[in-house]
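Peer 1: quick one, fold the following:
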Amino acid sequence: MTEQPASSLFADRNGAEIAQLLAELTTLRQDMVSGVGLAGSRLTRVHPNFLVSAHNLLHYLALRRPDLRPLQQRLAVLGLSSLGRAEAHALASVDAVLAVLHELAQPGIPHPPPPGAIAPDFTSGGLLLAEHSEAVLGPVPAARDVRIMVTLPTEAATDYPLVRDLLRQGMDCARINCAHDDRTAWQQMIDHLRQAEQEVGRTCKISMDLGGAKLRTTGLPPHRPCCGSAPCATILAACWRRSASGLPVGICRIRRRQLERCACSSPASGYSS
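Peer 2: Alright, predicted model coming up:
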């Protein structure tokens, strides 16, 4: 009597789940590929050196758009990759899991490869990541596996020893936050860093982080009047503490009811809580 292969027994026990995962991952892959099409003409403006990486970024964004945690758990139960390290090769990671699922569902039966797409594989993805990381952050230091990026404070424009000491202590990339200060200050920071490179004997990358849109709230009503009574002062102080600590400022229902009993909340005060 011929024994049934272990892989076949495994597929028999988990056949329904394997088929469901195949369907879900196939749909997910289609969404990843179609996501590139949504970029439209913007991809034509990408430099050829970064075109493959741009496709990979779009694939990865489509991969992470849904909540993958339930799917990852189900893949892990079957001993398969949970797609947790797919950043450098998103499409290749999904294709690898699909290939294993196909083999589990129909052992020994060849399956046509998925439709081709511009995407890095496991080897080229890692090489691209290393190459681009070095271009932005500098080479990996000999004594450690990570680079140190430091956001330069405003003082770096006027305090040369500060910049020199940061470089001496291991700064590999200086980040200038262009949402703050001005061009004169940024240039002084750069000049200090270049001077420090000569003194310390180390090079350092510079990352200019461009400022985005600044949202500002205007047209707020005047500050509510306060009668100075103990209940009102206590409630307002509590709201101030919540605001200063970054918590929501709104008065909770209990405090709102308490405030309604305060004299400054009467219609005559012109304020309604």
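Peer 1: my guess is residue 33 meets residue 90, correct?
Peer 2: No - contact criterion CB atoms under 8 Å: residue 33 and residue 90 do not qualify, at 10.7 Å. In this view, the C-beta of every residue, glycine as well, is placed from N, C-alpha and C.
Peer 1: biggest helix in this protein, by residue count?
Peer 2: The longest helix of the chain (DSSP state H) is helix 15-38.
Peer 1: what's the angle from the helix or strand that it is followed by to helix 15-38?
Peer 2: Following helix 15-38 in sequence order, the next helix or strand is helix 51-64 (DSSP states H and E). Counting by axes from the mean of the first three to the mean of the last three CA atoms, to 10 degrees, helix 51-64 points 130 degrees away from the direction of helix 15-38.
Peer 1: mind giving me the packing neighbours of helix 51-64?
Peer 2: The contact analysis (3 or more CB pairs under 8 Å, 6 or more residues apart in numbering; DSSP states H and E) places helix 51-64 against helix 15-38, helix 90-105, helix 122-137.
Peer 1: which residues of the stretch 101-250 of the chain score low on pLDDT?
Peer 2: Where the stretch 101-250 of the chain drops to pLDDT under 70, the residues are 216-250.
Peer 1: again, only using 90
Peer 2: In the predicted model, the stretch 101-250 of the chain carries pLDDT under 90 at residues 103-117, 136, 138-145, 210-250.
Peer 1: ranges for the helices of it?
Peer 2: For the stretch 101-250 of the chain, applying DSSP state H, counting those that start in this stretch gives helices covering 122-137, 160-168, 183-200, 230-244.
Peer 1: give me the contact list for the first one.
Peer 2: Spelled out, that is helix 122-137. With CB atoms under 8 Å, 6 or more residues apart in numbering as the test, helix 122-137 has contacts from 50, 52-53, 56, 87-89, 92-93, 96, 120, 140, 147, 149, 172-173, 205, 207.
Peer 1: what's the angle from it to helix 51-64?
Peer 2: 100 degrees.
Peer 1: same deal with the second one?
Peer 2: With the same axes, to 10 degrees applied, the angle from helix 160-168 to helix 51-64 works out at 80 degrees.
Peer 1: now the longest helix of the chain: buried residues?
Peer 2: 18, 21, 22, 25, 28, 29, 32, 33, 35, 36 (16 or more other CB atoms under 10 Å).
Peer 1: how about the contacts made by the nearest residue to residue 160 once chain neighbours are set aside?
Peer 2: Of all residues not flanking residue 160 in the chain, residue 192 sits nearest, at 4.8 Å (CB to CB, 6 or more residues apart in numbering). By CB under 8 Å, 6+ apart, the contact list for residue 192 reads 156, 157, 159, 160, 163, 164.
Peer 1: hang on, the earlier thing: between residue 33 and residue 90, which contacts overlap?
Peer 2: residue 59.
Peer 1: of all the helices and strands packed on helix 51-64, which lies closest to residue 74?
Peer 2: With CB to CB, the closest approach to residue 74 among the helices and strands packed on helix 51-64 belongs to helix 15-38: 6.4 Å.
Peer 1: ok so, going back, closest one of the contacts of residue 192 to residue 115?
Peer 2: Of the contacts of residue 192, the one sitting nearest to residue 115 (CB to CB) turns out to be residue 156, at 50.9 Å.
Peer 1: isn't the closest one up against residue 167?
Peer 2: No - checked against CB under 8 Å, the pair residue 156 and residue 167 is beyond contact range at 10.9 Å.
Peer 1: what's the neighbour count on the residue lying closest to residue 114 once chain neighbours are set aside?
Peer 2: Excluding the flanking residues, the one nearest residue 114 by CB to CB, 6+ apart is residue 95, at 5.7 Å. If you count neighbours by other CB atoms under 10 Å, residue 95 ends up with 17.
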